[in-house]
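1. What follows is a predicted structure for the sequence shown.
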Amino acid sequence: MLSSAILQAVLICGSTLFLWRLFRQLLVKSDLDNIPGLPSPSYLYGHVQQLRDKQGWAFYRELAEKYPAVARLSGPLGRKLLFVHDPKAMHYIAVKEQETFQEAEWFTSLTNRAFGPGLLATQGDHHRKQRKLLNPVFSINHMRHMMPTFYHVTHKLREAIEQRVVQGPTEVDMVMWMGRTALELVGQAGLGYSFDKLTEESADEFGEALKSMAPTMATLGVFLQFLPLVEALIPECLLEPLGKIAPIPGLRDIMHISKTLKQKSTEIFMQKKTALLQGDEALAMQVGEGKDIMSVLLRANMTAAVEDRLDERELIGQMSTITFAAMDTTSNALSITLWRLAQNQQVQDRVRQEIFAARDSQGGKDIPYDDLVSLPFLDAICRETLRVHVPAPMRFREARKDSVLPLSEPIRGLDGKLMHEIFVPKDTHVFVSINASNTNPAIWGPDAHEWKPERWLSPLPETVSNANMPGVYSNLMTFWAGGRACIGFKFSQLEMKVVLAVLLSTFKFELTEKAIYWNIAPIVYPSVVPDGSKPELPIKVTLLDRDVTEA
Ligand code: HEM
């Protein structure tokens, strides 16, 4: 009784706040009304259905081609949304004015509840303090130390696939194997924890909870928007008991998942802390031998100046945060790379020869860090895949106060006048299209949409450097920019290269008869039916006869 009254009160307050923000935006005329954009197909939903369409690639392409900098779109009930891929505007959003253009409030509340106060849940000075301590543990120097762990896990993967194809060419679901490998790699190299032996079917409670987090979040849908309000109105001590009885689908599941994540992260953290206090010998006995990101972080935290130290809740919060952020992104990037190589046998042969030559120069052993990262064609394949096939293609931000967004080139407003900048009122929802930016023909040339690794082997067009793209990686926005850019982008580069080097020197990958559909989602994934919800990527895998391949 009491719970439904509280729930009703929250819903009424939430709806009032939503309507107030909507009316304010509709009533107060701003630059948003003068920006050209696609007409809304429905007053009720606006463009939401097109934006959420898993096969909406043509819609996104049309939008980017028709409006090469910004466009106005519609949200539910006529709410104005800003679609952006102009480099200067993106610099402003991600770097210069990142405190104005923040993640949606519900997202930070949710990640705080789900994972604890890690990087995805903190803002401003608190976030900067965390990054200051975490940045060095993701440095190239630490990646180097983790090479043996990367190879150890990847050889397990190779053995697992070899067992399945040893009798002859076999169809293998590569997205499943890339997912398991990415989780185990971030487990061992990130947390010093093993989720999955890879050689047998095994389910780990922590790994399962992490994997089910994103699909369960999706079932909560519109209720998530009310989370900050719920937190503001209901005392902390009542949240859990009320959550258990509230008639909201998925809520109990997400509470259970968060509890499991916290318990397991705390358990691993405590083991690590004890080992650290016992000294280097005890640490060396652990998975990751004390070289994993969390062990290094714990050591760094102990020796940091008192004002720079993170408390235990923050350290524990980083564990699920990092694993969650690392998992599907890199595994799907690897899946897309394998699919592209299966489509392009000549490219696959050429990169394999490069890998063989590098292995031969090591007497057939694993390629060391410096040699691996500087293999030019392997590098070109990774860059090109991350340019054209962005794993997380859209970023969302909310303007927390009125702001003025500068543009690289003026656009012509609906009133016929040139607009050099756009006044963006507080509460405007901004969609940044990384895809549109990475495949902009004005920057990358007329073949911008084609997957052509060779483009990275010669100097890039001048338009690329002239665009002043703010992204942290290769003039691309794939890993975002500024203080919230992906902290793990070097980790993911290394992961992609180690996995590709080991797999391509053992197997040949070919397409099967089955069609593959890439679905637009927070992380793009493949399926064998259009709009399929189950990630699947069947690829024909053949064990290489090294002599034949080299002949
Ligand atoms: C191809 C693989 C990857 C892609 C495309 C990717 C992309 C991104 C993007 C776009 C962001 C910014 C999100 C935003 O603020 O809106 C981000 C943040 C983040 N990524 Fe990655 N990521 C990848 C791999 C990884 C890996 C391997 C790790 C960890 C080992 C990682 C850890 C993180 C963390 C912790 C954040 C939050 C950073 C912060 O807010 O300070 N990512 N990533």
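-> Here it is on my side, so go on. A quick note: this is a predicted structure, and the numbers were derived from the prediction, not measured.

2. so Phe489 sits right up against Phe479, yeah?
-> Yes. Using CB atoms under 8 Å, Phe489 is in contact with Phe479, at 4.1 Å. For the C-beta atoms, the positions are set from N, CA and C on the backbone; glycine is no exception.

3. So between these two, which is more surrounded?
-> Phe479 (23 against 20; other CB atoms under 10 Å).

4. From Asn438, how far off is that one?
-> 11 Å (CB to CB, to the nearest Å).

5. Then Ser465?
-> Taken as CB to CB, the span from Ser465 to Asn438 is 15 Å.

6. more crowded one of the two?
-> Neighbours per residue, other CB under 10 Å: of Ser465 and Asn438, the larger number sits with Asn438, 25 against 12.

7. Surely that one is in contact with Tyr473?
-> No. Between Asn438 and Tyr473 there is no contact under CB under 8 Å: 10.6 Å.

8. Please name the nearest non-neighbouring residue to Phe206.
-> Lys264 (3.9 Å; CB to CB, 6 or more residues apart in numbering).

9. ok, that neighbour - contacts?
-> Contacts for Lys264 (CB atoms under 8 Å, 6 or more residues apart in numbering) come out as 205-206, 209.

10. Mind telling me which residue of the stretch 351-500 of the chain is nearest the ligand?
-> With CB to the nearest ligand atom, the shortest gap between the stretch 351-500 of the chain and the ligand falls at Gly488, namely 2.2 Å.

11. Next, give phi and psi for that residue.
-> Backbone torsions of Gly488, given as degrees, to the nearest 10, read phi -100, psi 20.

12. The residue found closest to it once you drop the neighbours it is linked to in the chain: neighbour count?
-> Excluding the flanking residues, the one nearest Gly488 by CB to CB, 6+ apart is Ala326, at 5.4 Å. The number of residues packed near Ala326 is 25, by other CB under 10 Å.

13. What of the one 4 residues further on?
-> A count of neighbours around Thr330, defined by other CB under 10 Å, yields 28.

14. quick one: is the host helix or strand of it near the ligand?
-> Thr330 is part of helix 312-343 when elements are defined by DSSP states H and E. Yes. Shown here: helix 312-343 in contact with the ligand (CB under 6 Å from any ligand atom) through 321-322, 325-326, 329-330, 333.

15. Identify, from those, the entry nearest to Pro522.
-> Thr329 (9.8 Å; CB to CB).

16. Excluding residues flanking it in the chain, which one is nearest that closest one?
-> That would be Pro391: by CB to CB, 6+ apart, it lies 4.7 Å from Thr329.

17. helix or strand for that neighbour, which one?
-> Assigned by DSSP H and E, Pro391 belongs to no helix or strand.

18. so how many other residues sit close to it?
-> Per other CB under 10 Å, the neighbour tally for Pro391 reads 23.

19. List the residues that contact the residue of the stretch 351-500 of the chain closest to the ligand.
-> 138, 322, 325-326.

20. rewinding a little: buried subset of the contacts of Lys264?
-> Among these, the ones that count as buried by 16 or more other CB atoms under 10 Å are 206, 209.

21. can I get the contacts of Lys264 in TSV with pLDDT, secondary structure and distance to Arg52?
-> Shown next, in TSV, are the contacts of Lys264 (pLDDT from 0 to 100; DSSP: H, G, I helix; E, B strand; the rest coil; distance: CB to CB, whole Å):
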residue	pLDDT	secondary structure	distance to Arg52
Glu205	86	helix	31
Phe206	87	helix	30
Ala209	88	helix	26
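
22. Which ones among the contacts of Lys264 also lie next to the ligand?
-> Within those, nothing lies near the ligand by CB under 6 Å from any ligand atom.

23. Specify which member of the contacts of Lys264 is nearest to Ser361.
-> The closest of the contacts of Lys264, once distances to Ser361 are taken by CB to CB, is Phe206, at 39.7 Å.

24. can you pull the contacts of the closest one?
-> Applying CB under 8 Å, 6+ apart to Phe206 gives the contacts 193, 195, 260-261, 264-265, 268.

25. one more time with 7 Å
-> 195, 260-261, 264 (CB atoms under 7 Å, 6 or more residues apart in numbering).

26. before we move on, what about Ala326?
-> By CB under 7 Å, 6+ apart, the residues touching Ala326 are 182, 186, 190, 488, 491.
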